[in-house]
Every structure is written in structure tokens, then in C-alpha cells.
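Colleague: Need coordinates for the following:
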Amino acid sequence: MPDTPGATGPGWAWYKYVVGDRVVEETLGHSLSELEAFLEELPALLEFQPGRIVLGGFSQGATTRMAMAISRPDLVAAVIGFSGFLAESVKVPFSALSPGTPPIFWGHGLLDPNIPHKLAVWGRKRLDAAGMKVEARDYDIGHWIAPEEVRDAVAFVEAL
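Modeller: Okay, the predicted model is just below:
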């Protein structure tokens, strides 16, 4: 995670947020490059070839992981996203290209004040229009992860 001053206050952030589903594209691109380099380095770090992996994240982490799955589906088996959004700058593949794109579990709070539920709805519609597999689950919560959400995400991964 690069230190992106002013992105969401002091501290670390994956990208600088603008408004709605917009981010400063260069900051997201930088994080995607760093994450891609880390994933490509995993075999050396682990001393074996792990294959494609399941990426998970919350909030900015979910947004970044979905972007990674779309841009580098060869590295990602699936994504678990909690309370994120699909950045407007992420180019979703057309239906003909999407069969190889990893499935996404997208859990979101109906009462989320930080990333409003409508952003989840917009992002899911974009993915659905491209024919991507998205398991969308909504919960009567704010900007956090509920125990039932974790159970649903685990069941999603186990079903793969």
C-alpha cells in the first residue's frame, strides 16, 4: 500500500479518492503495479508456484482487488470484496472477453455512509453487462464486515 497523503486522511491508502466512483487514476495504477509485482514475486517468496489466488479486500482494498482481477485475470482465481466500488476508470471487458475473468463476491452494507450502496449497484451493473460472474450480497450494516458476510464469502470460495 503506497502512502497516498490526503487520500482519506493521514496514513496509507491504495489510491486517492475523488468522488462517487472516481479516483485519481494514476494512484490506482501505481497500486495495481505494486500489487502485480508482489503477486509475480510470490513464487520466489514462497519457494513454490502457488498458481492463481483468491484476493480479498475491504473498502479501498476491495476496489483495488476488483481492478486487479479485471486487468490481470491470469493472476487471480477469484475476488472477495467487502464494501468497495468499481472505479469508473477500470475498463470492464466486453462479454466476448469476460469468460476468463475471475468471479467476484461483492458484499455491501445497505447503510454504508462511506461507500453508498448505490455505488455497489452501479458497479455490479457494469460487471453484469459484461457477462462477468458476480455474487452480490447486501447486508443491513454500515461500513464494516458482518459475520454472516464472512460466512457467505467463505461459502463462495468453497464452491469454486
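
Colleague: what comes up buried for stretch 73-87?
Modeller: Neighbour-count burial for stretch 73-87, counted by 16 or more other C-beta atoms under 10 Å, picks out 73, 75-76, 78-87. C-beta: built from backbone N, CA, C; applies to glycine.

Colleague: and that stretch, how far apart are its ends?
Modeller: Terminal residues of stretch 73-87 lie 17 Å apart, using C-alpha to C-alpha, to the nearest Å.

Colleague: tell me the contacts of residue 54?
Modeller: 76, 77, 78, 79, 80, 157, 160 (C-beta atoms under 8 Å, 6 or more residues apart in numbering).

Colleague: circling back to that earlier point, which of the buried residues of stretch 73-87 sits closest to residue 120?
Modeller: residue 85 (6.6 Å; C-beta to C-beta).

Colleague: Show me what secondary structure element comes after the longest helix seen in the chain.
Modeller: Once the chain is assigned using DSSP state H, the helix that runs over the most residues is helix 25-46. Next helix or strand after helix 25-46 toward the C-terminus (DSSP states H and E): strand 53-58.

Colleague: any idea of the mean pLDDT for that next one?
Modeller: In this model, strand 53-58 has an average pLDDT of 95.

Colleague: cool, stretch 93-107 as well?
Modeller: Computed over stretch 93-107, the mean pLDDT rounds to 76.

Colleague: Same question for stretch 19-38.
Modeller: On average, stretch 19-38 scores 93.

Colleague: all helices for this structure, in order.
Modeller: Using DSSP H, helices in the chain cover 25-46, 60-71, 117-129, 147-159.

Colleague: Need the CA coordinates for the second one. PDB is fine.
Modeller: These are the backbone C-alpha positions of helix 60-71, laid out as PDB (Å, rounded to 0.1, in the frame of the first residue of the first chain):
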ATOM      1  CA  GLN A  60     -10.300   0.600  -0.900                       C
ATOM      2  CA  GLY A  61      -8.800  -2.900  -0.800                       C
ATOM      3  CA  ALA A  62     -12.000  -4.300  -2.400                       C
ATOM      4  CA  THR A  63     -11.900  -1.700  -5.100                       C
ATOM      5  CA  THR A  64      -8.200  -2.400  -5.900                       C
ATOM      6  CA  ARG A  65      -8.700  -6.200  -5.900                       C
ATOM      7  CA  MET A  66     -11.600  -5.900  -8.400                       C
ATOM      8  CA  ALA A  67      -9.500  -3.700 -10.700                       C
ATOM      9  CA  MET A  68      -6.600  -6.300 -10.400                       C
ATOM     10  CA  ALA A  69      -8.900  -9.200 -11.300                       C
ATOM     11  CA  ILE A  70     -10.200  -7.300 -14.400                       C
ATOM     12  CA  SER A  71      -6.800  -6.100 -15.600                       C
END
